[in-house]
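> build me a structure from this.
(2 chains)
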Amino acid sequence: MKRVYLDYSSTTPVDERVVEAMMPYFTEKYGNPTSFYSFGQEAKQAVEEARAKVAELINASPEEIIFTSGGTEACNLAIKGFALKNKKRGKHIVVSKIEHFAVLEACRWLAERGFEVSYLDVDEYGFVEPGTLEQAIREDTILAIVNHANNEIGTIEPIKELAEVAQDRGVAFFSDACISNGSVEIDVEELGVDLLAMSAHKMYGPKGVGALYVAKGTRLEALLHGGGQERKLRSGTENVPGIVGFGRAAEIAKKEMRSEAERLMKLRDELIREVLKIPRTRLNGHPEKRLPGNANFAFAFIEGEGLILELDFEGISASTGSACSSPTLEPSHVLTAIGLSHAEAHGSLRVTLGRFSTREDVKRLLEVLPRVVKRLREISPFKESFEDYVEGTEWKGGEHHHV
Amino acid sequence: MYSKILIDHFRNPRNMGRMENPDGVGKVGNPACGDVMYIYIKVGKNDKGEEIIEDIKFETFGCAAAIGTSSMVTELAKGKTLEEAAKISKDDVAEAVGGLPPIKMHCSLLASDGLKAAIEDYRKKKAGKGDAAEG
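The predicted structure is shown next:
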């Protein structure tokens, strides 16, 4: 059976051109960039060339790019690094409710250590209103955080307006762009952000490498101490092949992003149009202001884990915000933040298309999905609503606990 | 992560669907938690005059483990006396489906609880207290 991968927001395959660029740095050009001799210098040069490419993609200067071990580390460095360095100015942080766990958990870590964190509500599409941010900012606020695009529902945030609000109040602005960088245009100058996180494996680069954009003048405390690499902000011998791969991936994205986004949006809209023909189905996120390859649905009365499993039996890989597929057994915090009830959030499906997705892939999903949803609905006790329909019987709802 | 038996019961659920005029209904779980199980029973008598589960059906909103264990518990209970059926434990269900990942163990509890609730509901209604139950 041909496998169909529709989970590009989880990770992407590494582009062959990226692999090709990386290969020499495993075997022939294996020097340590810190070394003075030629082996070291050729590795250093490769790292600097990659830095320039990653910077160019987001219209930054190369010296504003700090390579990390991935998006999670970039988010941690931005948040903890900034908070620890600037705590004398205040200990209040504002963050949207729909961030990735790398952001939310870093904030929680700070909250356990004397910082105060306020969470920003989002509207039904997942947008953070500039007014909401404005209201949350206090005298002692030092950092505001809103993702560039949301990784579950694909909503692209009005970062420029939000960063402006923060700047007016003398608050630094961090945006996690791991999911959007490389698929939509990002210009840090225009956006006015101080910190921006990126990840290579979400844009056809390798896993284990990411970067943080640190605007000139933005000061951070290092989280890793050692040899003083990456302007002393991230010690540790550079992941040279990974960084080279990231650079190549950024270069390819810069060139192909525009036409690729157009192609994906067409496929995505076709997919959305067809899936919404399934009764009792809603689209999560905004119809237009979303990532080119992202579609997120909620199917009433069924649960997402079974849906994912059924699709997997048919060779299709996609993801869900259902509790039953998460290690915490909590439904997606993003879906509940945009107003879905827990029951509704359990029936969600995220389909994310990317560079190697074809119309055939979408057709295959559309062939299988309606049948799978119908089957699971036949099993479900809920047909018209989540209200109980068997009268005169005691509901034992409260007795069941997750262990 | 799931056994072949569980996958089979998920994909080909036994005794699935709504029952008209059941003698007892067990409703457990909570839509907010992502699992709800309805177990319907019809009670008859065996040769010895003991009450048995003559027919049983289920409807489940939940993950593959919840659906698979619902299906399994109906198979385990069918034909058993009410007394025997009420003794089916979560471990019996988990074992019958070939084991469950630790995080899914609560699903087998839900299935055995659903069956017990259906039997309880039948007994309550039989004792004439059925109309006192809330709707």
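
> switch to C-alpha atoms for all contacts and neighbour counts from now on
Noted.

> surely residue B:3 touches residue B:95?
No: using C-alpha atoms under 8 Å, residue B:3 is not in contact with residue B:95; the gap is 10.6 Å.

> immediately after the helix or strand residue A:282 falls within, which helix or strand?
Secondary structure from DSSP states H and E places residue A:282 in strand A:281-283. As assigned by DSSP H and E, the chain's next helix or strand after strand A:281-283 is strand A:294-299.

> name all residues that make contact with residue A:194.
Contact analysis of residue A:194 by C-alpha atoms under 8 Å, 6 or more residues apart in numbering or on different chains lists A:172-174, A:213-215, A:218.

> please read the previous query as pertaining to residue A:79.
A:103, A:106-107, A:174.

> for those, which one is nearest residue B:41?
Residue B:41 lies nearest to residue A:103 out of these, by C-alpha to C-alpha, at 49.2 Å.

> just give the closest residue to the closest one, not the sequence neighbours.
residue A:75 (5.9 Å; C-alpha to C-alpha, 6 or more residues apart in numbering or on different chains).

> okay, and that neighbour sits in which element?
helix A:71-85.

> which positions within that helix qualify as buried?
The neighbour-count check on helix A:71-85 (16 or more other C-alpha atoms under 10 Å in any protein chain shown) flags A:71-84 as buried.

> ok, stretch A:328-347 next?
For stretch A:328-347, a neighbour-count test (16+ other C-alpha under 10 Å) marks A:329-340, A:342-347 as buried.

> ends of it, what's the gap?
Start-to-end span of stretch A:328-347 (C-alpha to C-alpha, to the nearest Å) is 17 Å.

> from what I see, the residue nearest to residue A:103 and residue A:101 are in contact.
No: Residue A:75 lies out of contact with residue A:101 (C-alpha under 8 Å); the separation is 9.7 Å.

> name the element the spatially most central residue of chain B belongs to?
The centre of chain B sits closest to residue B:115, judged by C-alpha atoms, centre = their mean, with a distance of 3.6 Å. Following DSSP H and E, the helix or strand that holds residue B:115 is helix B:105-126.

> let me know whether that helix sits next to chain A.
Yes: judged by C-alpha under 8 Å from any C-alpha of the partner chain, helix B:105-126 comes into contact with chain A at B:105-106, B:110, B:117, B:121.

> what segments of the stretch 101-250 of chain A are strands?
According to DSSP state E, counting those that start in this stretch, the stretch 101-250 of chain A carries its strands in the segments A:116-120, A:141-145, A:172-176, A:195-199, A:210-214.

> need the winner for burial among those strands.
Ranked by mean neighbour count under mean count of other C-alpha atoms under 10 Å in any protein chain shown, the strands of the stretch 101-250 of chain A are led by strand A:195-199, which reaches a mean of 30.

> partner strands of that one and their direction?
Note on strand A:195-199: by DSSP bridges, its sheet partners are strand A:172-176 (parallel), strand A:210-214 (antiparallel).

> quick one: residues contacting the nearest residue to residue A:82 once chain neighbours are set aside.
Of all residues not flanking residue A:82 in the chain, residue A:220 sits nearest, at 4.7 Å (C-alpha to C-alpha, 6+ apart). Residues in contact with residue A:220 (C-alpha under 8 Å, 6+ apart) are A:77-78, A:81-86, A:233.

> among these, which one lies nearest to chain B?
residue A:77 (32.2 Å; C-alpha to the nearest C-alpha).

> I'd like the residues of helix B:105-126 next to chain A laid out as TSV, including pLDDT and neighbour count.
As requested, these are arranged in TSV below (pLDDT from 0 to 100; neighbours: other C-alpha atoms under 10 Å in any protein chain shown):
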residue	pLDDT	neighbour count
B:105	88	20
B:106	86	20
B:110	93	26
B:117	96	25
B:121	96	25
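
> and these as a markdown table, adding distance to residue A:18?
Listed next are these as a markdown table, based on distance: C-alpha to C-alpha, whole Å:
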| residue | distance to residue A:18 |
| --- | --- |
| B:105 | 43 |
| B:106 | 45 |
| B:110 | 49 |
| B:117 | 59 |
| B:121 | 64 |
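
> one step back: among the strands of the stretch 101-250 of chain A, which comes closest to residue A:355?
strand A:195-199 (16.3 Å).

> who touches that closest one?
For strand A:195-199, the surrounding residues in contact (C-alpha under 8 Å, 6+ apart) are A:70-71, A:74-75, A:78, A:173-179, A:181, A:209-215.

> can you give me the helices for the stretch 251-400 of chain A?
A:304-313, A:333-337, A:342-345, A:359-379 (DSSP state H, counting those that start in this stretch).

> and these as JSON lines, adding distance to residue A:17 and mean pLDDT?
As requested, the helices of the stretch 251-400 of chain A are arranged in JSON lines below (distance: least, C-alpha to C-alpha, whole Å; pLDDT from 0 to 100):
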{"stretch": "helix A:304-313", "distance to residue A:17": "29", "mean pLDDT": "95"}
{"stretch": "helix A:333-337", "distance to residue A:17": "35", "mean pLDDT": "96"}
{"stretch": "helix A:342-345", "distance to residue A:17": "39", "mean pLDDT": "91"}
{"stretch": "helix A:359-379", "distance to residue A:17": "23", "mean pLDDT": "97"}
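
> who wins for proximity to residue A:112 among these?
When the helices of the stretch 251-400 of chain A are compared by C-alpha to C-alpha, helix A:333-337 sits nearest residue A:112, at 20.4 Å.

> which strands and helices sit next to that closest one?
Counting contacts by 3 or more C-alpha pairs under 8 Å, 6 or more residues apart in numbering or on different chains; DSSP states H and E, helix A:333-337 packs against helix A:342-345.

> picking that back up, per-residue confidence at the residue nearest to residue A:103?
The confidence metric pLDDT takes the value 98 at residue A:75.

> list the contacts for it?
Residues near residue A:75 by C-alpha under 8 Å, 6+ apart: A:102-103, A:106, A:176, A:197, A:212.

> quickly check the residues you listed for the two that are furthest apart.
The most widely separated members of those are A:106 and A:212, with 15.1 Å between them, by C-alpha to C-alpha.

> and residue A:48, what does it touch?
Here residue A:48 is in contact with residue A:62 (C-alpha under 8 Å, 6+ apart).

> in the helix or strand hosting it, what's buried?
For residue A:48, the element it lies in under DSSP H and E is helix A:38-57. Neighbour-count burial for helix A:38-57 flags A:39-44, A:46-57 (criterion: 16+ other C-alpha under 10 Å).

> about what we covered before: for the helix holding residue B:115, packing partners?
Packed next to helix B:105-126, using 3+ C-alpha pairs under 8 Å, 6+ apart, are strand B:24-30, strand B:35-45, helix B:64-77, helix B:82-86, helix B:90-96.

> distance to residue A:126, mean pLDDT and mean neighbour count added to the ones you listed, as a markdown table?
Formatted as a markdown table, the helices and strands packed on helix B:105-126 follow (distance: least, C-alpha to C-alpha, whole Å; pLDDT from 0 to 100; neighbours: other C-alpha atoms under 10 Å in any protein chain shown):
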| stretch | distance to residue A:126 | mean pLDDT | mean neighbour count |
| --- | --- | --- | --- |
| strand B:24-30 | 26 | 93 | 27 |
| strand B:35-45 | 26 | 96 | 25 |
| helix B:64-77 | 30 | 97 | 27 |
| helix B:82-86 | 47 | 97 | 18 |
| helix B:90-96 | 40 | 95 | 19 |
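
> so can I have TSV of the ones you listed showing distance to chain A?
Shown next, in TSV, are those (distance: least, C-alpha to the nearest C-alpha, whole Å):
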stretch	distance to chain A
strand B:24-30	5
strand B:35-45	7
helix B:64-77	5
helix B:82-86	16
helix B:90-96	13
